[in-house]
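>>> okay, here's the prediction I keep looking at, along with the sequence it came from:
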Amino acid sequence: MWNLRLELGHQLKPEPLRTTEFAKALSETNEQRSPICGYGKPTVAIAFKAGRFSGQDFTLQPDGTLRCPANQQLFAHERRREVDGSLRVVYGASIRSCRPCPLREQCQWNGGATAKPRQVSVLLHPVTVGSAPLLWQDWSRRIHRRACIHLLRHQRIEVQAEPENGPNTAPPVLLSRAERAHTRLSWAQRLARNARPETSGQVTIRLFGVPERFAASLGWTAA
């Protein structure tokens, strides 16, 4: 709804896009410094031994956790910033999940003799802005919202319905309690019951107070 209202507001009162400097350009003196505008794709280390699981075998989940090859969760318990500006996130599993795991020999350094749970270190490198500033373009939202509210306050709707084409001789329908409750009907049953009969007359809706340009953008006929 917000995107539709923003588009209608722009049709009502067209304005040029405004440009915001989202991030400044890197100068020559601080090209080697790590920017703080964001981080790129996470990277992990390779396998510490041949035939062992590496950090790439642990899948990042939408909730911020990792999923190991044995379908167990690893939670982030440490976050620290490196010297170059990178962010290192250390994930750890539960020892109760690692001890009975059948894949423990492929996962931990000393296999079944390891007394600690598996940990995975994920490194997030900062995104470099470059020599040009990072610009963001959008429309002013407040102006369109106020213009739409001002327009609605000066509008008036007139609805005219023509009489039906034939006499309404159909007897009244007796509804049961299940048919009376909308929540117990399917969408197909609701649409069929609320459909407008073919014998009904034409309905004309007139909306006063709409600018001509705004009506033309919606395909309406101006009176």
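Received, thanks.

>>> what does the longest strand along the chain contact?
In the chain, taking DSSP state E as the definition, the longest strand is strand 73-81. Strand 73-81 has contacts (Cβ atoms under 8 Å, 6 or more residues apart in numbering) with 58, 61, 64-68, 87-93, 118-120. (C-beta placed from N, C-alpha, C; glycine too.)

>>> how close does R52 sit to R104?
Per Cβ to Cβ, to the nearest Å, R52 is found 11 Å from R104.

>>> what does R88 give?
From R88 to R104 the distance is 25 Å (Cβ to Cβ).

>>> so which of these two has more stuff around it?
Between R88 and R104, R104 has the larger neighbour count (other Cβ atoms under 10 Å), namely 17 against 13.

>>> okay, now the nearest residue to the more buried one once chain neighbours are set aside: neighbour count?
Spatial nearest neighbour of R104, chain neighbours left out: G112 (5.7 Å); criterion: Cβ to Cβ, 6 or more residues apart in numbering. Residues near G112, counting by other Cβ under 10 Å, number 10.

>>> just R146 next, same as before
Applying other Cβ under 10 Å, we find 13 residues neighbouring R146.

>>> can you name the next helix or strand after the strand or helix carrying it?
Taking DSSP states H and E as the criterion, the element that holds R146 is helix 141-152. Using DSSP H and E, the helix or strand that follows helix 141-152 in sequence is strand 156-161.

>>> residues in contact with that next one?
The contact list for strand 156-161, computed with Cβ under 8 Å, 6+ apart, reads 201-209.

>>> mind putting these in TSV, pLDDT and secondary structure included?
Shown next, in TSV, are those (pLDDT from 0 to 100; DSSP: H, G, I helix; E, B strand; the rest coil):
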residue	pLDDT	secondary structure
G201	75	coil
Q202	79	coil
V203	80	strand
T204	82	strand
I205	79	strand
R206	80	strand
L207	77	strand
F208	75	strand
G209	73	coil
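
>>> what's the most distant pair in the residues you listed?
G201 and G209 (26.1 Å; Cβ to Cβ).

>>> buried ones among the contacts of strand 73-81?
When these are checked for burial by 16 or more other Cβ atoms under 10 Å, the buried set is 58, 66, 68, 89, 91-93, 118, 120.

>>> any idea which of these is closest to Q11?
Once Cβ to Cβ is applied, the member of the buried ones among the contacts of strand 73-81 that ends up nearest Q11 is V89, at 45.6 Å.

>>> beta-bridge partners for that closest one, please?
Using DSSP bridges, the beta-bridge partners of V89 come out as R79, V122.

>>> distance of it from T59?
As judged by Cβ to Cβ, V89 and T59 stand 15 Å apart.

>>> ok, now E7?
For E7 relative to T59 (Cβ to Cβ), the value is 38 Å.

>>> for P197, same thing?
Where T59 is concerned, P197 sits at a distance of 56 Å (Cβ to Cβ).

>>> hmm, V127 and G38 touching each other?
Yes: contact criterion Cβ atoms under 8 Å: G38 and V127 qualify, at 4.7 Å.

>>> more neighbours, those two?
Just comparing G38 and V127: by other Cβ under 10 Å the higher neighbour count belongs to V127, 16 against 11.

>>> that one against F22, yeah?
No: with contact defined as Cβ under 8 Å, V127 does not count as touching F22 (11.9 Å).

>>> all strands of this protein, in order?
18-23, 43-44, 59-60, 66-67, 73-81, 87-92, 119-124, 134-138, 156-161, 203-208.

>>> sheet partners, orientation included, of the third one?
With DSSP bridges as the test, strand 59-60 is paired with strand 66-67 (antiparallel).
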